[in-house]
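> Turn this into a structure:
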Amino acid sequence: MAARCLLLLCLMLSGCMKPTDLYDQNVYYLRDVGLLEHHKTQRRANWVLQQSSFIYIAQGHFLPVGHPYARPNVVAEEAFKGFVEYFPQVRRAKQPAGLDEAMQQARSVGADYLLYGRFASAEENIGNWEEWEDREEFTHIGRDHAIVQLMLLEVGTGYLVDTARIKSRGGFLTFYDKEAEDLLRRPLTDYARRLLGFAED
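Residues are numbered from 1 along each chain as shown. As a prediction, this is how the structure comes out:
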């Protein structure tokens, strides 16, 4: 009898929702309650780019508040890895640059748009045994946090097409052996998708 009830329940659930939809819903709620990594993107505009757009990616010299030892060009590196999945023409600066310098670099390679970012702030908490041995602070064990600010500018005119603020936090189930920099790739990839008009991943 119990087996029949279980089978009936499974059939009812499968009739209502596909397994992939069930997975997506579960992941969404796990992210929302903080068990998995989560990010929120605030955009000024809903500008959509052509997939053939040539995007140059650069990062400012700003050192993130709360995490001055982050890799100097980490936002540009992670944005490039996310954007290259969706835009065939993407280049990035090899090192941090001021806005004027980055715009000159973008013009010199013939880019249509400049994606200019900065790692605004981060909270790098203890996530493994080695970090615990170095710091031994109970109040700093757990999830990392990161905030990235982005500007998308038209290279030909200098027009500010879009601005975005991305706030990310680690998850209670996934913070082990992670750093604040590890929170950047997924939201930057999601931003690339949004620029093509796709829904949030």
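> And the contacts of the helix or strand where residue 78 lies?
Assessed by DSSP states H and E, residue 78 sits inside helix 74-83. Helix 74-83 has contacts (CB atoms under 8 Å, 6 or more residues apart in numbering) with 55, 57-59, 71, 90, 92-93, 96, 115, 117-119, 148, 150, 181, 184-186, 188-192. For every residue, glycine as well, the C-beta is placed using N, CA and C.
> just the buried members of the residues you listed?
55, 57-59, 90, 92-93, 96, 115, 117-119, 148, 150, 181, 184-186, 188-192 (16 or more other CB atoms under 10 Å).
> Among these, which ones are in helices?
185-186, 188-192 (DSSP state H).
> could the residues you listed be laid out in JSON lines, adding pLDDT and distance to residue 110?
Output for those, formatted as JSON lines (pLDDT from 0 to 100; distance: CB to CB, whole Å):
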{"residue": "185", "pLDDT": "91", "distance to residue 110": "27"}
{"residue": "186", "pLDDT": "93", "distance to residue 110": "30"}
{"residue": "188", "pLDDT": "96", "distance to residue 110": "23"}
{"residue": "189", "pLDDT": "95", "distance to residue 110": "24"}
{"residue": "190", "pLDDT": "95", "distance to residue 110": "27"}
{"residue": "191", "pLDDT": "96", "distance to residue 110": "23"}
{"residue": "192", "pLDDT": "96", "distance to residue 110": "20"}
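> Looking at those residues, which is nearest residue 44?
Distance to residue 44 across those (CB to CB) is lowest for residue 191, with 12.6 Å.
> any idea how far that closest one lies from residue 69?
Using CB to CB, to the nearest Å, residue 191 is found at 25 Å from residue 69.
> what about residue 145, how many neighbours?
The number of residues packed near residue 145 is 18, by other CB atoms under 10 Å.
> Surely it and residue 123 touch.
Yes. Residue 145 lies in contact with residue 123 (CB atoms under 8 Å); the separation is 4.1 Å.
> Could I get the CA-only coordinates of the helix holding residue 78 as PDB?
The C-alpha trace of helix 74-83 is given here as PDB (Å, rounded to 0.1, in the frame of the first residue of the first chain):
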ATOM      1  CA  VAL A  74      40.400  39.800 -10.800                       C
ATOM      2  CA  VAL A  75      37.200  41.500 -11.900                       C
ATOM      3  CA  ALA A  76      38.400  41.800 -15.500                       C
ATOM      4  CA  GLU A  77      39.700  38.200 -15.500                       C
ATOM      5  CA  GLU A  78      36.500  36.800 -14.200                       C
ATOM      6  CA  ALA A  79      34.300  39.000 -16.400                       C
ATOM      7  CA  PHE A  80      36.300  37.900 -19.500                       C
ATOM      8  CA  LYS A  81      35.700  34.200 -18.600                       C
ATOM      9  CA  GLY A  82      32.000  34.800 -18.200                       C
ATOM     10  CA  PHE A  83      31.600  37.000 -21.300                       C
END
